[in-house]
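Undergrad: coordinates only, sequence not included:
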């Protein structure tokens with residue numbers, strides 16, 4: 001990419017972050033972003049054909065990285081189960097803390113996703129994460145049962161609400177403007193609070 005085009009792109013990215021943080025996805029204006037980038041609207045659209053593509057370009061790398069981390073932690077839990085033959089829902093791998101650290105290493109992107117994404121494809125991000133957590137946990141429970149480990153019967157609708165509240169709690173740090181230090185402390189608190197609760201819920 002020629003230097004002038006690269007510099008224009010960097011100006012657009014900076015202006016886009018400012019616009020989306022201030023107005024949110026729905027009320028953000030491509031014309032204002034163009035003006036803040038010292039470009040014409042037509043020039044801006046050569047870089048990003050739509051507001052949706054622009055917003056996605058800002059947050060998708062952070063989302064992809066979070067998903068990679070999530071699946072890495074998921075693999076560790078299943079590997080431990082296969083190696084030791086016993087269940088461990090105690091978060092011994094500090095998965096919640098690692099997730100929170102990642103979120104705060106990409107805080108600007110997650111502020112957009114959690115607080116400013118209404119009207120975009122990321123509007124239901126928290127719900128999507130909760131659905132993934134629910135699916136993986138149920139798979140984990142099935143693997144536990146295959147190993148002859150007793151699991152209490154549980155109400156799937158109640159389980160859905162519990163997982164949703166768990167995920168919602170984690171992202172509240174972004175909504176409430178916690179510092180990284182405060183958020184990491186809260187992640188540890190969440191682990192201490194939920195680990196015995198999940199164990200009791202499943203009878204493990």
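TA: Done, it's in. Not measured: the values here are computed from a predicted model.
Undergrad: helices and strands around the longest helix seen in the chain, which ones?
TA: Counting by DSSP state H, the longest helix found in the chain is helix 51-84. Where contact means 3 or more CB pairs under 8 Å, 6 or more residues apart in numbering; DSSP states H and E, helix 51-84 is packed against helix 3-27, helix 30-36, helix 95-105, helix 107-115, helix 125-146. No exception for glycine: its C-beta is placed from N, CA and C like everyone else's.
Undergrad: closest to residue 159 out of these?
TA: For residue 159, the closest of these is helix 125-146, at 7.1 Å, according to CB to CB.
Undergrad: next one: the helix or strand just after the closest one to chain centre, how far?
TA: Next along the chain after helix 125-146, taking DSSP states H and E as the criterion, comes helix 156-175. Helix 156-175 has its C-alpha centroid displaced from the chain centroid by 12 Å (CA atoms, centre = their mean, to the nearest Å).
Undergrad: ok, now stretch 25-43?
TA: Relative to the centre of its chain, stretch 25-43 is centred 27 Å away, using CA atoms, centre = their mean.
Undergrad: what's the first-to-last distance across that stretch?
TA: Stretch 25-43 has its terminal residues 20 Å apart, counting by CA to CA, to the nearest Å.
Undergrad: Identify the residues contacting residue 56.
TA: For residue 56, the contact set (CB atoms under 8 Å, 6 or more residues apart in numbering) comprises 120-122.
Undergrad: got a pLDDT number for residue 87?
TA: Predicted confidence (pLDDT) for residue 87: 52.
Undergrad: again but with residue 130, I slipped
TA: Value for residue 130, per-residue pLDDT: 94.
Undergrad: any idea how far it lies from residue 48?
TA: 30 Å (CB to CB, to the nearest Å).
Undergrad: about what we covered before: out of the contacts of residue 56, which one sits closest to residue 99?
TA: residue 122 (17.3 Å).
Undergrad: contacting residues around the closest one?
TA: Shown in contact with residue 122 (CB under 8 Å, 6+ apart): 55-56, 59, 63, 112-113.
Undergrad: same thing but 6 Å
TA: Shown in contact with residue 122 (CB atoms under 6 Å, 6 or more residues apart in numbering): residue 113.
Undergrad: For it, which three-state class applies?
TA: coil (DSSP: H, G, I helix; E, B strand; the rest coil).
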